[in-house]
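K.L.:
mind looking at a prediction? Sequence and model below.
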Amino acid sequence: MLRTILLGATLLAAVSAYPSGAPSGACDSLIPSHGTSSAQTSTSPYSISVSTPTNVTGGESVTITLSGESDFLGFVLVAETVDANNVRSSVGTFSNYDNNLVQTACVNSDGLTHKSAVTKNNIEITWTAPTGFTGHVSFW
């Protein structure tokens, strides 16, 4: 069966980052919690891209690339599906990422975040659709 991957927004902090990764609340709310910073209203200088067409079959892996026009320090990436009752849940697995990244357990989903304040400008991660999955997945 085919799966549709909907590309969503990613949470990238351009100026500051928690050195040990985003707190769990950040992957649930997709708000970085960096104090008094206001939300950006202009076009994001960062992007998420996938290596294959947006339709994938269960068990298929795709490469996700996070990149930016300028360096960034922190990010949170989640892959989620939404059921008929509008309940979010994580889907698939992340793999093939370097040791500056770590999976994090969130209330509604599992995510991937930084675990160091090392400057980043291009990150490649593998995401694998679960066997038998039906529906849409969004990367946020």
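P.N.:
Looks like it arrived, so ask away.

K.L.:
where in this protein is the helix or strand with the lowest mean pLDDT?
P.N.:
Of all the helices and strands that make up the chain, the one with the lowest confidence by mean pLDDT, DSSP states H and E is strand 11-13; it has a mean of 38.

K.L.:
per-residue pLDDT, T119?
P.N.:
The score at T119 is 86. That number is its pLDDT.

K.L.:
how about it, nearest residue that isn't a chain neighbour?
P.N.:
The shortest distance from T119 to any non-neighbouring residue, by CB to CB, 6 or more residues apart in numbering, is to D71 (4.6 Å). Every C-beta, even on glycine, is put in place using the N, C-alpha and C of the backbone.

K.L.:
count the residues that sit near the one you found.
P.N.:
A count of neighbours around D71, defined by other CB atoms under 10 Å, yields 12.

K.L.:
kindly report the same for the one 10 residues further on.
P.N.:
Per other CB under 10 Å, the neighbour tally for T81 reads 20.

K.L.:
residues of stretch 133-140 that come out buried?
P.N.:
Residues F133, V137, S138, F139, W140 are the ones in stretch 133-140 that count as buried (16 or more other CB atoms under 10 Å).

K.L.:
can I assume Q40 sits in a strand?
P.N.:
No. The assignment for Q40 is coil, going by DSSP: H, G, I helix; E, B strand; the rest coil, so no strand is present there.

K.L.:
so what's the residue count around it?
P.N.:
When neighbours are counted by other CB under 10 Å, Q40 registers 10.

K.L.:
what pLDDT does it get?
P.N.:
Per-residue confidence at Q40 stands at 75 (pLDDT).

K.L.:
what's the separation between it and S67?
P.N.:
Spatial separation of Q40 from S67 under the definition CB to CB, to the nearest Å is 17 Å.

K.L.:
so where do the helices sit in the protein?
P.N.:
In chain order, the chain shows helices spanning 24-29, with DSSP state H as the criterion.

K.L.:
quick one: low-confidence ranges for it?
P.N.:
Along the chain, the model assigns pLDDT under 70 to residues 1-37, 39, 53-55, 105-109.
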